[in-house]
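K.L.:
here's my sequence, what's the structure:
(one chain, ligands or ions: 1)
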Amino acid sequence: MADLTLQTGGLPFRKMHGLGNDFVVVDARSAPDLVNEDTARAIGHRSFGVGFDQLAVLRESDVADLDVEFWNSDGSKADACGNASRCVARIIMDETGQKAASIRTGRGTLQAVDAGEGLISVNMGQPQLEWDQIPLAHPVDDLNALPIEGAPGAAGIGNPHMVFVVNDAEAVPLSDVGPALEHHPLFPERTNVEFIHVIDRQTLRMRVWERGGMITLACGSGACASAVVAHRKGLTDRKVTIHLDGGDLEIDWRDDGVWMTGPITHVFDGVIRREFLENI
Ligand SMILES: N[C@@H](CCC[C@H](N)C(=O)O)C(=O)O
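P.N.:
This is a model prediction of the structure:
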């Protein structure tokens, strides 16, 4: 049973998504702050719970507009979630009426801006390009060509990513190859796994197996890592459009960090019933 002191009838939440990468957002400024590994896993179950790719918990911050914590549906935590960061930025902008927002995550404090036409941009910071920052288990000769079949590249965006350049990302049997790659021993904290193919110097196609054990329709940090790896391999410019299963993200690796721009959707609000939470 979850350790709860629910004063009310349950746990209010927002359901949001960025390109089909979907989130339950719990605002712990006004709702019980009860998310832990067990509640995250239970709420995240698509048949027995609400279902999400990530859960975001919002808290008061003394350095940014909000502090945010991210959980995967397997109950693990993630320091970064690009698409959820864009959703949280929209919440802040709606609350404040401002066109900019700051969000403190495990990745650091991120800046986001309203890019107009329903788009939100967030600066995911400079990529982590040292083996122990990503982290890898040990140094490698070349971060752009890891000693793994297929010579993937690696980059950290606050979370680890392994990026394979392939001839046809559509043809990759993600659910067959994803689990073993997520748990590859070179990545002691597991890893997100992206497969990209180059359409032209400004355009990539990407599919993703996310750490946490799932295929998602989009991964913002994965799109940033893919853009960084493709550029470092000499395949693309610093600014690219990435076609994901759920739609397009624009990634621009600028002097001040990797900016990601795309749409977000607030789908509905709900309340998780007290009885459900008490029986986890
Ligand atoms: N979907 C996210 C990434 C979520 C975290 C990831 N599964 C991890 O464990 O690192 C995004 O939009 O960045």
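K.L.:
pull the number of nearby residues for residue 251.
P.N.:
Applying other CB atoms under 10 Å, we find 28 residues neighbouring residue 251. C-beta coordinates here come from the backbone N, C-alpha and C atoms, glycine included.
K.L.:
er, residue 108 actually
P.N.:
Using other CB under 10 Å, residue 108 is surrounded by 14 other residues.
K.L.:
near the ligand, which residues of the stretch 51-200 of the chain show up?
P.N.:
Contacts of the stretch 51-200 of the chain with the ligand, taken as CB under 6 Å from any ligand atom, map to 53, 54, 72, 78, 80, 81, 82, 83, 159, 192.
K.L.:
any chance of those residues in TSV, plus neighbour count and pLDDT?
P.N.:
Formatted as TSV, those follow (neighbours: other CB atoms under 10 Å; pLDDT from 0 to 100):
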residue	neighbour count	pLDDT
53	26	98
54	25	98
72	22	98
78	23	98
80	24	98
81	32	98
82	29	98
83	35	98
159	26	98
192	26	98
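K.L.:
can you tell me which of those end up in strands?
P.N.:
Judged by DSSP state E, those include 54, 72, 78, 192 as members of strands.
K.L.:
would you confirm that the first one contacts residue 69?
P.N.:
Okay, so that is residue 54. No - Residue 54 lies out of contact with residue 69 (CB atoms under 8 Å); the separation is 10.2 Å.
K.L.:
show me what whichever strand or helix holds residue 249 is packed up against.
P.N.:
Assigned by DSSP states H and E, residue 249 belongs to strand 247-254. The contact analysis (3 or more CB pairs under 8 Å, 6 or more residues apart in numbering; DSSP states H and E) places strand 247-254 against helix 220-232, strand 239-244, strand 257-263.
K.L.:
minimum distance to residue 88: which of these has it?
P.N.:
Nearest to residue 88, of all the helices and strands packed on strand 247-254, is helix 220-232, at 11.9 Å by CB to CB.
K.L.:
quick check: mean pLDDT of that closest one?
P.N.:
For helix 220-232, mean pLDDT rounds to 98.
K.L.:
tell me what angle it forms with strand 257-263.
P.N.:
130 degrees (axes from the mean of the first three to the mean of the last three CA atoms, to 10 degrees).
K.L.:
kindly export helix 220-232 (C-alpha atoms) in PDB.
P.N.:
Presented in PDB, the C-alpha positions along helix 220-232 are these (Å, rounded to 0.1, in the frame of the first residue of the first chain):
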ATOM      1  CA  GLY A 220      13.000  15.100 -27.200                       C
ATOM      2  CA  SER A 221      16.300  14.500 -25.600                       C
ATOM      3  CA  GLY A 222      16.800  11.600 -28.100                       C
ATOM      4  CA  ALA A 223      16.200  14.000 -31.000                       C
ATOM      5  CA  CYS A 224      18.800  16.400 -29.500                       C
ATOM      6  CA  ALA A 225      21.300  13.500 -29.100                       C
ATOM      7  CA  SER A 226      20.600  12.400 -32.600                       C
ATOM      8  CA  ALA A 227      21.200  15.800 -34.000                       C
ATOM      9  CA  VAL A 228      24.500  16.100 -32.100                       C
ATOM     10  CA  VAL A 229      25.800  12.700 -33.100                       C
ATOM     11  CA  ALA A 230      24.800  13.200 -36.800                       C
ATOM     12  CA  HIS A 231      26.500  16.500 -36.900                       C
ATOM     13  CA  ARG A 232      29.600  15.200 -35.100                       C
END
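K.L.:
residue 44 and residue 76 touch, don't they?
P.N.:
No - judged on CB under 8 Å, residue 44 makes no contact with residue 76 at a distance of 10.5 Å.
K.L.:
buried stuff in stretch 69-80?
P.N.:
Neighbour-count burial for stretch 69-80, counted by 16 or more other CB atoms under 10 Å, picks out 69, 70, 71, 72, 73, 75, 76, 77, 78, 79, 80.
K.L.:
hmm, which two among those residues are most spread apart?
P.N.:
Spatial extent of those (CB to CB) is set by the pair 75 and 80 at 17.4 Å.
K.L.:
what residue is smack in the middle of the protein?
P.N.:
residue 81 (2.7 Å; CA atoms, centre = their mean).
K.L.:
dump the residue contacts of that one.
P.N.:
Neighbour list for residue 81: 23, 54, 56, 70, 105, 159, 220, 221 [criterion: CB atoms under 8 Å, 6 or more residues apart in numbering].
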